[in-house]
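Participant: Sequence and computational prediction follow.
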Amino acid sequence: MLNVRLLRPALLPCLLTMLCLASTVTPLAAQTVQTDPLQCWWRTSTGAIRVGQTFQVVLTCAVLETDAATVVVDQTRLEPSVLQFPPFEVLGGAHGADLRTDDRRFFQYEYRLRLIAENMFGKDVQLPELKLSYRVQSKVSQNTSLQGRDQSYMMPAASVRVLSLVPADASDIRDAATETFSDLDQRALRANLFVVVGTVMFVLAGLLAILVLVRLFARLRKPATVTQRLIADSTILRGISRELSAIRRERNDSGWTAALAGRALSAMRIIAAFAIDRKVGHMPAAVIGTAEDGRLIVKTGWPRTKRIAVSGSITPQVVGRAAAVAGTSASRQQLLTSIEQALQTLTTAGYGRAETFDDGALDQALETGVQALRSVRIRQLWVMKRLATWRAGTALDNRAWSR
């Protein structure tokens, strides 16, 4: 067996050497970074200027930024209010938002310059030298970092030609694009806004389409009931107007007959129902081609046209009682009285036993129907309905206050 006491003097130098190597290897490994920790370049908005002309100079830098090492640049001297470019005059500038990739951080400064010197005509004027100070910050452990020494980065020279096409050291005769990081941010913001607005509009359009489909499906599946309104009042009144015009043409062609007087009576009863604010009966019409006594056939709907049979059950006595109601205006009493007389004339001609007809009385009844229809159509306007409702409400309030 080896004696441990004899090995202690021999092992001691080896242990000291290993500790020294470990203490030196760790900082060196932490300080190892990629090449070119800082890269910067100039870009001008134009290659040639005139004296006093304002142009733009953009400084863009890419710095290393990883989990192992971070390059910290002193950017306090890059602000437009601090940095100077003799012989150029700094008129202002801006600092755009930083952009980041996996291992790089890009920052950018924009400067607005102009040249006011008078001895630079036809010459290349260089931007002054710019030295950037930075240091590498290496991460040793989770909460410990090692600050490197201060280092300097010298910006490459850039020239601007005064009253010439391009400077002598230019590599391209075309001016570079003037887009900056700020322009990219604005375009990204505008694009995101348009995407949000478009998405909201598509969602609203989809909801409206679903609502329309649901209502259409419910309408197709819902059976027609007696209380369901199959046709609008305006459509009925247009149908009556066409019917009266057809009756007038047949009267001029072949004179009055019992059938023609019955058709005029059916139309007049519907007009009378509208005149005294009574409901008009309507229901789906029978098979096409069959005649329905006392009813007016009106077509409605598109593209699927429906035939609706419209009828009125108003008698001259009902119209007379409506005209005698207290509070009725003189013009309305005159209208209802003329409708009552027209109904009596048409009823006598349509259902009487006389073989001859009083053409003058029937013509007057037909003219009364045309005038009454015109008055009823005016009363059916939306404005007139709202005015009548307001008047009715005002009258009720006056009665309540009078009590």
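Facilitator: Yep, that arrived.
Participant: I'd like the distance between the closest residue to Lys123 other than its chain neighbours and Asp124.
Facilitator: Nearest residue to Lys123 in three dimensions, chain neighbours excluded: Val162, at 5.8 Å (C-beta to C-beta, 6 or more residues apart in numbering). Every residue, glycine included, has its C-beta placed from N, CA and C. Val162 sits 8 Å away from Asp124, going by C-beta to C-beta, to the nearest Å.
Participant: Give the residue from those two that has the larger number of neighbours.
Facilitator: Per other C-beta atoms under 10 Å, whichever of Val162 and Asp124 has more neighbours is Val162, with 20 against 16.
Participant: show me where pLDDT drops low in this structure?
Facilitator: 1-35, 164-168, 170-178, 222-229, 286-292, 326, 388, 391-403 (pLDDT under 70).
Participant: so where do the helices sit in it?
Facilitator: With helices called from DSSP state H, the chain shows them at 4-31, 181-221, 233-254, 258-275, 316-323, 330-351, 359-379, 382-402.
Participant: closest to Thr70 out of these?
Facilitator: Nearest to Thr70 among those is helix 4-31 (12.0 Å), distances taken as C-beta to C-beta.
Participant: Bridged to the residue nearest to Lys123, which residues?
Facilitator: Beta-bridge pairing for Val162 (DSSP bridges): Ile49.
Participant: Any figure for the gap between it and Arg114?
Facilitator: In terms of C-beta to C-beta, Val162 sits 11 Å off from Arg114.
Participant: anything in contact with each of these two?
Facilitator: Ile49 (C-beta atoms under 8 Å, 6 or more residues apart in numbering).
Participant: count of neighbours near Thr153?
Facilitator: Heads up, residue 153 is Tyr, not Thr. Counted by other C-beta under 10 Å, the residues lying close to Tyr153 total 18.
Participant: Near the nearest residue to it once chain neighbours are set aside, how many other residues are there?
Facilitator: Nearest residue to Tyr153, sequence neighbours excluded (C-beta to C-beta, 6+ apart): Leu132, at 4.4 Å. By the criterion of other C-beta under 10 Å, Leu132 has 19 neighbours.
Participant: pretty sure Leu132 is touching Thr76, no?
Facilitator: No. In this structure Leu132 lies outside contact range of Thr76 using C-beta atoms under 8 Å: 11.1 Å.
Participant: Mutual contacts of those two, please.
Facilitator: Between them, Leu132 and Thr76 share no contacting residue, judged by C-beta under 8 Å, 6+ apart.
Participant: so what's the nearest residue to Ser375 once chain neighbours are set aside up against?
Facilitator: The spatial neighbour of Ser375 that comes closest, neighbours along the chain excluded (C-beta to C-beta, 6+ apart), is Leu335 at 5.9 Å. By C-beta under 8 Å, 6+ apart, the contact set of Leu335 is 275, 372, 375.
Participant: got CSV for the residues you listed, with distance to Asp98 and neighbour count too?
Facilitator: Below are these laid out as CSV (distance: C-beta to C-beta, whole Å; neighbours: other C-beta atoms under 10 Å):
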residue, distance to Asp98, neighbour count
Ala275, 80, 21
Ala372, 82, 20
Ser375, 78, 16
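Participant: what's the closest of these to Thr101?
Facilitator: Ser375 (80.5 Å).
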